[in-house]
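J.: Just to be clear, the model below is a prediction. Sequence and coordinates:
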Amino acid sequence: MDSENLDKQTYKEKAYLLIKDAIMFNKFRVEGIYSQDEICDEIEVSKTPVREALLQLQNEGFVKILRGKGIQIVPVNNDKAKDILETRLLLEANNAFFAASILNKQNMIEIKKCLDELESCLYLKNSISLYVIDHAFHKSIAKATKNEIFYKQTCLILDNYLRFENKNVYNNLIDGKKVFEEHRIIAEAIFNRDPKKASNNMKSHLIKSYNRTLKDIWEKSILYDIKM
């Protein structure tokens, strides 16, 4: 790839990540309609890579390009949100099981690093940074499965989860500490190479998370009253 194409790809990827982050953390209002120029100004990237990034984000369901009107930020309705909660629960419980089964030293280091960063940043009261670290922890477990499909699907589910989650846990230090402790016991089971316990701890953590912030959606799930 020549340098011109490489730069173009790099700027497109930068635009894609910046726009997606702005959507996930509500910097762009859900159902709001924005001009391409407004988006370019917000993320400080030029039109061509922004246009290409928007086409990719439209294919992934984050935005809808309205000809002659602008770009609309697509909401996640409750039915889709419920599907995401169910998928995340089953996928991540599976990730924890596999990670504990085949854990190697490098993956252990990566998981522990995320856990340590989360603990050290709890008092910063920067909820966006804490959510980034939180999800990095979950992604590190998915990575430890050595299954590329599990990892990619986990990243996709986590990105979509942030689009509708009520982001108030890390604004509350008491709840933030609870989340950290839940993460700690997941990691402990993985480090002890106990697949069943790791999987059960992950299920418990996610169900508690749903009940803390998304109970109105979660209680409509077929899994809500099932003992996992």
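T.: Received the coordinates, thanks. Residues are numbered from 1 along each chain as shown.
J.: which residues in the chain form strands?
T.: For the chain, the strands defined by DSSP state E cover 33-34, 63-66, 70-73.
J.: Give me whichever of those is most buried.
T.: Among the strands of the chain, strand 70-73 has the highest mean neighbour count (mean count of other CB atoms under 10 Å), at a mean of 20. Bear in mind the C-beta positions are built from the backbone N, C-alpha and C, glycine included.
J.: ok now do the residue nearest to the spatial centre of the chain, which residues does it touch?
T.: Central residue of the chain (CA atoms, centre = their mean): residue 158, 2.6 Å from the mean position. Counting by CB atoms under 8 Å, 6 or more residues apart in numbering, residue 158 makes contact with 88, 135, 138-139.
J.: among those, which two are most distant?
T.: Using CB to CB, the contacts of residue 158 span at most 12.3 Å, a distance reached by 88 and 139.
J.: so where's the chain uncertain?
T.: Counting by pLDDT under 70, the ranges of the chain that qualify are 1-9, 227-228.
J.: residues near residue 53, how many?
T.: Residue 53: 24 surrounding residues under other CB atoms under 10 Å.
J.: Any figure for the gap between it and residue 173?
T.: Using CB to CB, to the nearest Å, residue 53 is found at 36 Å from residue 173.
J.: Quick check: buried residues in stretch 167-175?
T.: Using 16 or more other CB atoms under 10 Å as the test for burial, stretch 167-175 gives 167, 169-170, 175.
J.: Just give me the neighbour total for residue 155.
T.: The tally of other residues near residue 155 (other CB under 10 Å) stands at 15.
J.: roughly how far apart are it and residue 81?
T.: Residue 155 is 18 Å from residue 81, where distance means CB to CB.
J.: now residue 16
T.: Per CB to CB, residue 16 is found 23 Å from residue 81.
J.: same check, this time on residue 56
T.: The spacing between residue 56 and residue 81, counted by CB to CB, is 22 Å.
J.: hey, where'd the helices end up in the protein?
T.: Taking DSSP state H to define them, one finds helices in the chain at 3-24, 36-43, 47-59, 78-102, 105-121, 127-144, 148-161, 173-191, 195-213, 215-218.
J.: of all those helices, which lies closest to residue 70?
T.: Across these, residue 70 has its closest neighbour in helix 36-43 (7.4 Å, CB to CB).
J.: Can you give me the buried ones in that closest one?
T.: For helix 36-43, by 16+ other CB under 10 Å, it's 39-40, 43.
J.: between those residues, which is closest to residue 204?
T.: Nearest to residue 204, judged by CB to CB, of the buried residues of helix 36-43 is residue 43 at 37.9 Å.
J.: top of the contacts of residue 158 by neighbour count?
T.: Each of those was scored for neighbours by other CB under 10 Å, and residue 138 scores highest at 25 neighbours.
J.: Verify the stated contact: that residue with residue 92.
T.: Yes: using CB atoms under 8 Å as the test, residue 138 is close enough to residue 92 to be in contact (6.4 Å).
J.: Quickly list what's touching both of the two.
T.: residue 154.
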